[in-house]
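Undergrad: Here is my input; please provide its structure:
(one chain, ligands or ions: 2)
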Amino acid sequence: MSRLLVVENLGKRFGGLAANEAISFELQAGQIVGLIGPNGAGKTTLFNCIAGFYQPSEGTIHFLGKDITGHASAQMAHLGIARTFQIVRSFGSLTVLENVMVGAMLRNKGVGAARERALAALEFCGLAGRIAMTASNLTVAEQRRLELARALATEPKLLLLDEIMAGLTPSEVHEAVHLIKEIQLRGIACLIVEHVMEGIMPIADHMIVLDYGRKIAEGTPAEISRNPAVLAAYLGE
Ligand SMILES: Nc1ncnc2c1ncn2[C@@H]1O[C@H](COP(=O)(O)OP(=O)(O)O)[C@@H](O)[C@H]1O
Ligand SMILES: [Mg+2]
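TA: Ligands and ions are numbered 1, 2, ... in the order given. The predicted structure is shown next:
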């Protein structure tokens, strides 16, 4: 296995609040890693640091052996890190196809090539029948898949997924799980923040648990689900 992402001693402070503190972990190429923890544990903040939306207060982030700490989000995208947002951020007035073309333009400067790339990503995400619709008219589940399609259209090596199963029905969760497995088969690694345990436990190769900004446990899903510190953190929520 080769190390894709190495986070060392990462910290992020907002004034006096340590949203992330001394977080270290590794993610191997092609791996699915689940990131869980109670509300406010610092999961989205960690994503924002890795994806270049926040400048870490301390620590380092290496991607493919390169120190990328503090790089801007556009550089991260070029290197192969793509993300979805917890709050869906599609361009509501654009069509589904146009939304995904925005992602595809990262590596395809010609409109024709970007269109092809976007159509392939939409087909993969089960949205081929929705390409001409305005994004704001999609269902919640479809909007989540649109976010995924846009991220995939950037041709990432690492995908950061932030609660893409929140608010989905059980059958929609099942479909999302299937889609993530398909993404992994394509060789793309995923770091997944998820509150829906049925969504993350069956597919994660490895789990990391945060509480109050710190990593309190990591291991296989089975190890995590019987870890006393993890159980205590969730009971206290
Ligand atoms: N931009 C910000 N400014 C100030 N505080 C923030 C900001 N983003 C997050 N926080 C705080 O950092 C802590 C962790 O938040 P977050 O990373 O969103 O947690 P999670 O995603 O695990 O629910 C919370 O206390 C939150 O209020
Ligand atoms: Mg969050």
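
Undergrad: Report how many residues lie close to residue 44.
TA: Counted by other CB atoms under 10 Å, the residues lying close to residue 44 total 20. Any C-beta I mention is one placed from the backbone N, CA and C, and that applies to glycine too.

Undergrad: what's the pLDDT at it?
TA: On the pLDDT scale, residue 44 is placed at 94.

Undergrad: wait, isn't it in contact with residue 162?
TA: Yes. Contact criterion CB atoms under 8 Å: residue 44 and residue 162 qualify, at 6.0 Å.

Undergrad: For the helix ranked longest in the chain, which helices and strands make contact with it?
TA: Selection of the longest helix in the chain by residue count, based on DSSP state H, yields helix 170-185. Here helix 170-185 touches helix 140-152, strand 189-193, helix 197-200, going by 3 or more CB pairs under 8 Å, 6 or more residues apart in numbering; DSSP states H and E.

Undergrad: got the buried residues for that helix?
TA: Across helix 170-185, burial judged by 16 or more other CB atoms under 10 Å covers 172-173, 175-177, 179-180, 183-184.

Undergrad: and stretch 180-192, anywhere near ligand 2?
TA: No. Stretch 180-192 stays clear of ligand 2 (CB under 5 Å from the ion), getting no nearer than 12.0 Å.

Undergrad: Contacts for that stretch next, please.
TA: The list of residues contacting stretch 180-192 from outside it, by CB atoms under 8 Å, 6 or more residues apart in numbering, reads 4-5, 27-35, 47, 50, 124, 152, 156-161, 164, 200, 203-204.

Undergrad: repeat that for 7 Å
TA: With CB atoms under 7 Å, 6 or more residues apart in numbering as the test, stretch 180-192 has contacts from 4, 27, 29-35, 156-161, 200, 203.

Undergrad: Equivalent analysis for stretch 97-117, please.
TA: Outside stretch 97-117, the residues touching it (CB under 7 Å, 6+ apart) are 77, 90-91, 118, 121-122, 131-132, 135, 146, 149-151, 153-155.
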